[in-house]
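>>> Sequence and predicted structure, then a few things I'm wondering about:
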Amino acid sequence: MNDVNPGDIPPHRYDAGLANSIEARWQEHWAQHGTFDAVNPSGPLSDPSHPRAGAEKLFVMDMFPYPSGAGLHVGHPLGYIATDCYSRYKRMAGYNVLHPMGYDAFGLPTEIYAVQTGRHPAGITEENIARYRGQLRRLGMGYDTKRTFATSDPEYYKWTQWIFLKIFNSWYDPAADAARPIEELVASFADGTRAVPGGRSWAELDEVERREIVDGHRLVYVDEAPVNWCPGLGTVLSNEEVTSEGRSERGNFPVFTRNLRQWKMRITAYSERLLADLEGVDWPDPVKAMQRNWIGRSVGAHIDFGTSAAPIRVFTTRPDTIFGATYMVLAPEHELVDGLVPAAWPEGTHEVWTNGHATPAEAVAAYRKFAAAKTDVERQEGAKDKTGVFVGSFAVNPVTGARVPVFIADYVLAGYGTGAIMAVPGQDERDWDFAEAFELPIVRTVQPTEGFEGKAFTGEGPAINSSAEGVSLDGLGVVEAKARIIAWLEEKGAGVGAINYRLRDWLFSRQRYWGEPFPIVYDETGMPVALPESMLPVELPEIDDFSPKTFDPDDADTAPEPPLGRATEWVEVTLDLGDGPKKYHRETNTMPNWAGSSWYEIRYIDPGDENEMVSPDNERYWMGPRDGGHIGGVDLYVGGVEHAVLHLLYARFWQKVLFDLGYVSTAEPFHKLINQGYIQAYAYTDKRGVYVPAAEVEEVDGNFFYEGERVEREYGKIGKSLKNVVTPDEMCDEYGADTFRVYEMSMGPLEASRPWDTRAVVGSQRYLQRLWRNVVDENTGAVRVADAEPAEETWKILHHTIAGVREDMEHLRLNTAIAKLITLNNHVTGLAEVPRAIAEPLILMTAPIAPHIAEELWNRIGHGGSLANTDFPEADEAYLVVETVTYPVQINGKVRGRVEVAAGATEEAVREAALAEEKVVAALGGKEPRKVIVIADRMVSIVA
RNA sequence: GCCCGGGUGGUGGAAACGGGAGACACAACUGCCUUAAAAGCAGUUGCCGCGAGGCGUGAGGGUUCGAGUCCCUCCCCGGGCACCA
């Protein structure tokens, strides 16, 4: 303290310095006492003497952070503060609250940093986590001290690998509509209860053939599949790591689609359940909609069109329009194309169908080359201009018997449905565009509504032109027509009703170092063998170079070489897996960084358990279903919308597998989900367009200046490149953590995004200063609270505040709760002395949001220890009743006067009082009102 | 193009149900205190108008005694998906 003029600032003012010393002290107290450790019903974390042992449980979680080297900025902890306030409130309200925090620690940024610096990713990760822990501790987060981990801890990823083994050793039984242990499948093949694919009996097959069949049923399997291969980075990338320009998000290298052998998880087996169970969770509608979109269920039919080669199977959602199917289109990569290409164009082939090529083979080859060279952006930009080429063959429309030409075109995607369509230009805009370009016939099979002047008609209407021998749809609506034609097709064996999903199986392998190794080795057959659980965890080997081999960025004809491949001593192992020591080589891919986050909620329940992923007792207590059809899961999960699809879909998928296999008691991991908004900030550019430090920009009359120069303001993400980063540490230094917490929570509702405004933080600081001053004398440090009886009005304000704050806290409306607390505090500020009976509940109600100052004041007014488990104040009904009601009186919708009437007065009495009111009488001017409406306790409305 | 979410003072935002629009806070302004400034405290502050009063929740229409809230049409902003058959 080196104030120039110490007399000016009272020595006991609640300023940043005092706040910081109080905060550090209480953070230490909480850490020492494990104040926020939840109690389990059984096992090492059970404790009958815990203040909340036996209480109702509440499991609150945040989407855990990826600890980057940059640390937290003020936008990151918004959700964390909210769940902390909520957890503290619910704990005071009597719950056994589990609120843990862990770290999603595997991932590419750390690996890249490791490569750049030559350091080990584990060391970097450890440092980053320590920094995050320090920052969160400084914000006063009340996390469970016994339940924290990083996904990169071997003790944690042991169980990630264990789950992988469970998934590997399972198959999806359509009859049970659930995953089952793979042994059951093998047994049913062996005893003949299930037909063996290929027609031979199980006994006839050799070991390799059997394994091939079994491996083909596993929920995780190796598949040759088109993936995003990025030679410049030396790794395959997930779709979300590829930009819309078809380049890598990191490094901007070209990305090629290549067929490579990769691990995949059979998430598609769960499409229907992932969709159906959305009904049972309390999630924001947009997130549910995004998941439904992503799964992309569509109902229709598979229909076979005969050709000279194999029949072409199409998927369509409009089987009712089959009479208008005048041509077919296959994706250029479709496997049947080559078999359909004749030596020469058929007699009389239309010129526009050949693209000017002499033979079909030439035309197809040229078109394939053309299509493959197009980037995704070019393909989308050219969506209106349809391209394609006739393959030289015809197919037969199974309903009309008509010969229809077969084309390849890139508007049909290989990856969706069957990669082939029946084209119905009359009812499909894309097909219409193509038909116009290639001069193909167009037949309407749905009567357009009157006045329709467009081209393809995709709406509802009666079927027309839809009769053939044995079947007619004419006159039927779309729904009935679909049903009738599907029945007919099924009867004729030409098609079958079908449901198609957009969802693809989950690409599960990455060519990286910093991820979970697979618990898989390969034997002499080249087929995968699961390691026994006893060999877990399979730890990452120590290597010198963590980067995968990279190639010429433009050389598509290269193949990934994962960094683990260079750890030859680790890769080539001799193991005894039951039939004596044999040589194996390990899988050198690692898991994607979604793996560790797909089940972490479960591990929080029993983080130290070395024998089980989680003990069933504790799992059922914290996550199990509840009465009233409650599906179960974490009670509250808060995180950003950016995880609406991938993380949440993967976590739901793993949860369902574990549920099917009996390891967990609920089919859904997260019961209630809230997406917190983002905090963004203003950024400023000078006249060159260069960002200037936002903290040093000054506003004068609505214009902005940096070092005297006019700058332009824009609004965007907080980040280094925009030079607008503000860190929580800076806020703690300048105001204290409690002020920062109050400010972030008072800015608006949790779900809303909002702009950061450092200038506005003082409002929250002033509130806490007034609170402090109400309890502690700024000049002497003495406690000001008096044992005086509060006035009636003060009692009323207090109890209204309690009722309102409880209600707001229950619904996570921290912003309005704070407004009510400020109102009460401002009222107390105006009192001659501060009654203890008011100060105590005020402090307790402040505690969830500004915990350090509350603990400090609670102690100063004579209580020992922490208030964390002290009961939250309850409103006394006696003070909530109102004696009089002020009724606004409207005449023709405008308020003209007010009358005060005793609460509970009869409608007649209210009416009379209203009509007698001076201004009302004047406004009516002696006229008899036509109608008088009295709404009890609300208002009077007069129609004149 | 399709599907969501949202438009309220200078700013962030309040207003379970259709019932007094603008709580709380920032900024701005005024006063007290001070040699002065900061801090603090007290007050003013939706817009127009000296006032009575009028007008106000993106625009227009509708339902209603009464609409920020419900219905229709449109505009703008944000997000997701996108040649998905």
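Now that the structure is in, tell me what you want to look at.
>>> CA only for contacts and neighbour counts going forward, please
Fine.
>>> give me the number of residues near the residue in the stretch 151-300 of chain A that RNA strand B sits nearest to?
Among the residues of the stretch 151-300 of chain A, residue A:286 lies closest to RNA strand B, at 3.5 Å counting by Cα to the nearest atom of the strand. By other Cα atoms under 10 Å, the residues close to residue A:286 number 11.
>>> Residue A:469 now?
Residue crowding around residue A:469 was assessed by other Cα under 10 Å; the count is 8.
>>> can you check residue A:88 too?
Neighbours of residue A:88 under the rule other Cα under 10 Å: 24.
>>> related to what we said a few turns ago, now the residue of the stretch 151-300 of chain A closest to RNA strand B, what's its secondary structure?
Recorded secondary structure, residue A:286: helix (DSSP: H, G, I helix; E, B strand; the rest coil).
>>> quick one: secondary structure of residue A:88?
Assignment for residue A:88 (three-state DSSP): helix.
>>> Isn't it up against residue A:870?
No - using Cα atoms under 8 Å, residue A:88 is not in contact with residue A:870, being 10.4 Å away.
>>> Count the neighbours of residue A:177 for me.
Neighbour tally, residue A:177, other Cα under 10 Å: 13.
>>> now residue A:347
Residue A:347 has 6 nearby residues by other Cα under 10 Å.
>>> contacting residues around whatever residue of chain A ends up closest to RNA strand B?
Using Cα to the nearest atom of the strand, the single residue of chain A nearest to RNA strand B is residue A:316, 2.8 Å away. Residues near residue A:316 by Cα atoms under 8 Å, 6 or more residues apart in numbering: A:300-303, A:421-422.
>>> For it, what are phi and psi?
Reported as degrees, to the nearest 10, the phi and psi values for residue A:316 are phi -140, psi 140.
>>> pLDDT at it, what is it?
We note a pLDDT of 95 for residue A:316 in this prediction.
>>> just to revisit the earlier point, separation between the residue of the stretch 151-300 of chain A closest to RNA strand B and residue A:292?
When distance is defined by Cα to Cα, to the nearest Å, residue A:286 is 10 Å away from residue A:292.
>>> So which of the contacts of residue A:316 sit within strands?
Mapping the contacts of residue A:316 onto strands (DSSP state E) picks out A:300-303, A:421-422.
>>> Of these, which are in range of RNA strand B?
A:300, A:421-422 (Cα under 7 Å from any atom of the strand).
>>> So which of those residues wins on neighbours?
Neighbour max across those (other Cα under 10 Å) = residue A:422, 28 neighbours.
>>> In space, what's closest to that residue - neighbours in sequence excluded?
Excluding its sequence neighbours, the residue lying closest to residue A:422 (Cα to Cα, 6 or more residues apart in numbering) is residue A:328, at 4.6 Å.
>>> hey, what's that neighbour bridged with?
residue A:406, residue A:422 (DSSP bridges).
>>> Near RNA strand B, which residues of the stretch 751-900 of chain A are found?
Residues of the stretch 751-900 of chain A lying close to RNA strand B (Cα under 7 Å from any atom of the strand) are A:752-755, A:759-764, A:766-767, A:770, A:815-816, A:818-820, A:822-823, A:826, A:829-830, A:886-888, A:890-893, A:895.
>>> actually the stretch 401-550 of chain A, not the one I typed
A:410-423, A:430, A:502.
>>> what's around residue A:839, how many residues?
22.
>>> Could you look up the SS state of it?
helix.
>>> My understanding was that it contacts residue A:775; is that so?
Yes - if you go by Cα under 8 Å, residue A:839 and residue A:775 touch, sitting 7.3 Å apart.
>>> between the ones in strands among the contacts of residue A:316, which is closest to residue A:942?
residue A:300 (59.0 Å; Cα to Cα).
>>> Now the closest one. Nearest residue, chain neighbours left out?
In space, residue A:300 is closest to residue A:317, 3.9 Å off (Cα to Cα, 6+ apart).
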